[in-house]
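# what's the 3D shape of this:
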Amino acid sequence: MKKKILFINDEMMIGGVSRILNTFLALLDKEKYEIDLLVLHDHGGLMKEIPEGVNVLPTSAFFDSVDRSLEDLKKERDIKGLFKKSLFVFYMKTGLIKPLIRNLRKKLLTKHYDVEFSAKEGFCTIFNACGDSDLKLNWIQTDYEKENYARHHMDIFAWALSRIDQNIACSNGVKEAFEKVFGVHNITVVHNLMDEERVKKLSYEKIDYTFDKNYVNLIAVARFHPQKGLDRLLRALKYVNRNGKKADLCLIGDGILKDELIQQVKEDGMENDVTFLGYQLNPYPYIRQADLFMMTSLFEGYPTITIESLISGTPVFTTEVSGVNEQFRQPYEAIIVKNDDESINKALEEVVRQREFWQNNKKQLENYHYQNEEILAQMEELIAGRFER
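Numbers count the residues shown, from 1 in each chain. As a prediction, the model looks like this:
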């Protein structure tokens with residue numbers, strides 16, 4: 001008999017967590033597992049990429065604001081969204097969210113599950129905790145010492161964590177931070193799965209864009225969100241090019257800071273140094289053709305785009321955030337710099353002086369391989385309930 005598994009995610013926007021979830025769902029053996037997926041706010045580009053053999057459940061309009069912050073809704077002047085989010089916050093603050101979730105579960109879920117899996121810690125954890133599945137697993141993807149998304153509802157989140165059988169942290173740094181902030185110790189570290197074959201294949205597709213080989217070609221792919229530190233990446237480029245152009249930057253993505261970043265480029269007179277390509281469904285050919293992938297995030301859990309860059313054949317420049325010290329095995333794969341503006345500026349200046357060195361590093365990435373097999377085996381052990389209790 002197949003094991004019945006329910007996965008809970010809050011949304012399927014283009015980004016690391018949803019991509020990781022789809023990869024995991026694709027790799028799970030459909031002969032062994034009957035897989036249901038409940039996307040609480042069922043929107044986002046990755047809804048279209050949910051693998052075959054996964055049963056997507058209908059949701060409730062109550063969850064439309066689960067993945068949206070009050071700050072973002074205010075910026076967007078979304079009055080209806082603000083009302084929904086305020087109601088949602090009221091339920092969270094009063095604890096009335098628990099009976100409400102239990103009632104909604106009865107309407108949305110038609111079977112009992114052997115395993116329930118929160119694909120992202122936070123509200124998905126609370127939803128999981130309100131159920132009666134035999135085994136409750138919770139995926140942690142965030143460094144909670146750097147950003148505590150549960151800070152406004154610590155009591156209910158602590159209650160939810162007390163009902164979780166095992167937490168799964170995507171990196172050692174994430175595990176240590178979560179233990180420190182919440183005092184829980186039932187955590188196993190398992191690195192995120194990657195769809196290596198898909199990324200490599202897509203990275204060879206043709207694109208209607210040409211990098212200028214007279215300069216060092218930098219690329220960043222990210223949500224235009226404060227966490228990603230794109231403003232300081234632009235400042236670093238300005239610093240490097242202060243005495244004449246040495247590097248180009250290609251930015252792929254979209255988000256709430258788009259207008260501010262475009263304005264920053266204009267004010268700094270860098271229109272000829274920075275290209276905004278907007279959201280690209282397939283960013284990997286752009287990454288493959290660049291000299292160096294840039295990630296200047298303030299914090300991460302276990303960033304997947306850095307691994308995708310290696311799969312695409314391009315070395316990485318990254319700030320020191322959770323997970324990156326566990327990702328890179330060879331010196332030609334990446335340079336990790338201290339997480340402050342001065343370190344970024346100085347390191348990038350040195351990198352630009354060594355363009356030939358980084359181009360040689362690209363050649364060494366031709367045979368890069370990510371260890372999915374071992375990671376999938378670890379995850380299946382957890383699904384089977386084989387862990388210390």
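# longest helix in the chain, please.
helix 79-94 (DSSP state H).
# how far away from the center of its chain is that one?
Distance, stretch centre to chain centre, for helix 79-94: 25 Å (C-alpha atoms, centre = their mean, to the nearest Å).
# show me which residues of whatever helix or strand comes next after it are buried.
Downstream of helix 79-94, the next assigned helix or strand under DSSP states H and E is helix 97-108. Residues 97-98, 101, 104 are the ones in helix 97-108 that count as buried (16 or more other C-beta atoms under 10 Å). No exception for glycine: its C-beta is placed from N, CA and C like everyone else's.
# which strands and helices sit next to helix 97-108?
Packing contacts for helix 97-108, counted by 3 or more C-beta pairs under 8 Å, 6 or more residues apart in numbering; DSSP states H and E, involve helix 123-129.
# got the CA coordinates for the helix it packs on in CSV?
Output of helix 123-129 as CSV, limited to C-alpha atoms (Å, rounded to 0.1, in the frame of the first residue of the first chain):
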residue,chain,number,x,y,z
PHE,A,123,2.4,29.4,8.8
CYS,A,124,2.7,26.0,7.0
THR,A,125,4.1,24.7,10.3
ILE,A,126,1.0,26.0,12.2
PHE,A,127,-1.3,24.4,9.6
ASN,A,128,0.6,21.1,9.9
ALA,A,129,0.4,21.2,13.7
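# what helices or strands is the helix or strand just after it leaning on?
Heading C-terminal from helix 123-129, the first helix or strand you meet, by DSSP H and E, is strand 135-140. The helices and strands touching strand 135-140, judged by 3+ C-beta pairs under 8 Å, 6+ apart, are strand 115-118, helix 123-129, strand 166-169, helix 172-182, helix 372-383.
# which of the ones you listed is buried the deepest?
strand 115-118 (a mean of 25; mean count of other C-beta atoms under 10 Å).
# now do the lowest-mean-pLDDT helix or strand in the chain: which elements does it pack against?
Every helix and strand in the chain was compared by mean pLDDT, DSSP states H and E; the lowest is helix 70-76, with a mean of 81. Applying 3+ C-beta pairs under 8 Å, 6+ apart, one finds that helix 70-76 contacts helix 79-94.
# buried residues in the helix it packs on?
Neighbour count says helix 79-94 has 81-82, 84-85, 88, 91-92 buried, by 16+ other C-beta under 10 Å.
# which parts of the stretch 201-350 of the chain are strands?
216-221, 247-252, 274-278, 292-295, 316-319, 334-337 (DSSP state E, counting those that start in this stretch).
# which of those sits closest to Trp358?
Smallest distance to Trp358 across those (C-beta to C-beta): 5.5 Å, for strand 292-295.
# tell me which two in the buried residues of helix 97-108 are the farthest apart.
Lys98 and Leu104 (10.9 Å).
# any chance of the strands of the stretch 201-350 of the chain in CSV, plus distance to Pro285?
What follows is those, written out as CSV (distance: least, C-beta to C-beta, whole Å):
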stretch, distance to Pro285
strand 216-221, 11
strand 247-252, 11
strand 274-278, 11
strand 292-295, 13
strand 316-319, 17
strand 334-337, 20
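# adding mean pLDDT, write the ones you listed out as CSV.
Output for those, formatted as CSV (pLDDT from 0 to 100):
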stretch, mean pLDDT
strand 216-221, 97
strand 247-252, 96
strand 274-278, 96
strand 292-295, 98
strand 316-319, 97
strand 334-337, 96
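# can I get those strands in a markdown table with mean neighbour count and distance to Asp134?
Formatted as a markdown table, the strands of the stretch 201-350 of the chain follow (neighbours: other C-beta atoms under 10 Å; distance: least, C-beta to C-beta, whole Å):
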| stretch | mean neighbour count | distance to Asp134 |
| --- | --- | --- |
| strand 216-221 | 24 | 39 |
| strand 247-252 | 22 | 42 |
| strand 274-278 | 15 | 45 |
| strand 292-295 | 25 | 39 |
| strand 316-319 | 25 | 40 |
| strand 334-337 | 20 | 41 |
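# so which of those gets nearest Ala26?
Set against Ala26 and scored by C-beta to C-beta, the strands of the stretch 201-350 of the chain come closest in strand 216-221, at 21.3 Å.
# tell me who's in contact with Asp132.
His112 (C-beta atoms under 8 Å, 6 or more residues apart in numbering).
# how far away is it from Glu116?
In this view, Asp132 and Glu116 are 9 Å apart by C-beta to C-beta, to the nearest Å.
# ditto for Gln263
From Gln263 over to Glu116 (counting by C-beta to C-beta), the distance is 45 Å.
# burial of Val265, as a residue count?
Counted with other C-beta atoms under 10 Å, the neighbours of Val265 add up to 21.
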